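*Asks:* build me a model:
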Amino acid sequence: MINHLASKIVEYVRAQDEPNGMRLVERKLAEHLKVSRSPVRSALKMLEEQGLLKTAETGGFYVDWDGRTVPASLTDPQSDDDDEAYMKIAGDRLSGDLPDKVTESELARRYGLTKAHLGRVLRRIAGEGWIDRLPGHGWEFLPMLTSMQAYKDSYRFRLTIEPAAILEPTFVLNRSSLEDCRQHQQRLIDGEIWDVSNPDLFDINSRLHEAIIECSHNLFFIESLKRIDRLRRLIEYRQSLNRKYAIVRCREHVRLVDLLLQGRMVEASEFMTNHLSSVSVMKTVAD
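*Replies:* Next up is the predicted model:
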């Protein structure tokens, strides 16, 4: 998803008359691409790593290329092989079979990948925030939730902050963002859920919860949830619900957004509590 968004941002920049030096505003890009700001931020960071953007002194990014040349990684669509390699690395990291620090040559040999193929996968992982490039040619995996107890604790923490965020006095609806999230959930209900990958399903669902908590304008709530989402990404792939149950959760997401859009905040907060409680039980009951 991050690679796809990066490609869309490149298309947007190339459509401008004089792209070089143009400032990119995260909020406007999110509205243009009809996604939340979090994945846009990851895509911008990925483009910065590839030398197409630079960080502005006042924050944010500006274009630092002429808009004509585009990296092959952004013009070549991701293949099923990319997803397979991604999931193998995720699974091995979650099971503890990969050390904290790795080199590209080690990963290429282990998974039988070409340099270009591995590069696409590593950029995707870096964009999602669970690996960082080290000086030189190495990479370091970032801390993630790996135990079921920590996973359960993450849901207990979410039960504390997410319902409370809806009742914050600073809570103001971002209607366009929530409506966009609702559309994504409805498409899943209408059939897309049977084809979407576990990573993409995680992104769609976590984006909805982050869009809701962003309406609180409470920085501590917002950053806490985003950090939890980064930490739980890998274990969520293993704990993903059977799709027939996941559809029920998508319907609950739609109901939750409808309550918010109708201004029924107390009901929405209570609904959030029930939603998170039932999901956590379903995902951890086998333990």
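*Asks:* give me the phi and psi for S36.
*Replies:* phi -80, psi 170 (degrees, to the nearest 10).
*Asks:* next, count neighbours for it.
*Replies:* If you count neighbours by other CB atoms under 10 Å, S36 ends up with 21. Bear in mind the C-beta positions are built from the backbone N, C-alpha and C, glycine included.
*Asks:* thinking it is in contact with S177, fair?
*Replies:* Yes - using CB atoms under 8 Å, S36 is in contact with S177, at 6.0 Å.
*Asks:* joint contacts of those two?
*Replies:* Common neighbours of S36 and S177 (criterion: CB atoms under 8 Å, 6 or more residues apart in numbering): A30, A211, E214.
*Asks:* inside helices: which ones of these?
*Replies:* Residues of those located in helices (DSSP state H): A30, A211, E214.
*Asks:* quick one, what contacts the last one?
*Replies:* With contacts defined as CB under 8 Å, 6+ apart, E214 is in contact with S36, R37, N174, S177, I222.
*Asks:* taking these, tell me the two that lie furthest apart.
*Replies:* Farthest pair in the contacts of E214 (CB to CB) is S177 and I222. Separation: 13.0 Å.
*Asks:* compare the two (neighbour count), which wins?
*Replies:* Applying other CB under 10 Å to S177 and I222 shows that S177 carries more neighbours, namely 23 against 18.
*Asks:* can you tell me the closest non-neighbouring residue to that one?
*Replies:* A211 (4.7 Å; CB to CB, 6 or more residues apart in numbering).
*Asks:* show the contacting residues for the one you found.
*Replies:* Residues near A211 by CB under 8 Å, 6+ apart: S36, N174, S177, L178, D180, C181.
*Asks:* hmm, try it at 10 Å
*Replies:* Contact analysis of A211 by CB atoms under 10 Å, 6 or more residues apart in numbering lists 30, 35-38, 174, 176-182, 257, 260.
*Asks:* great, nothing more from me.
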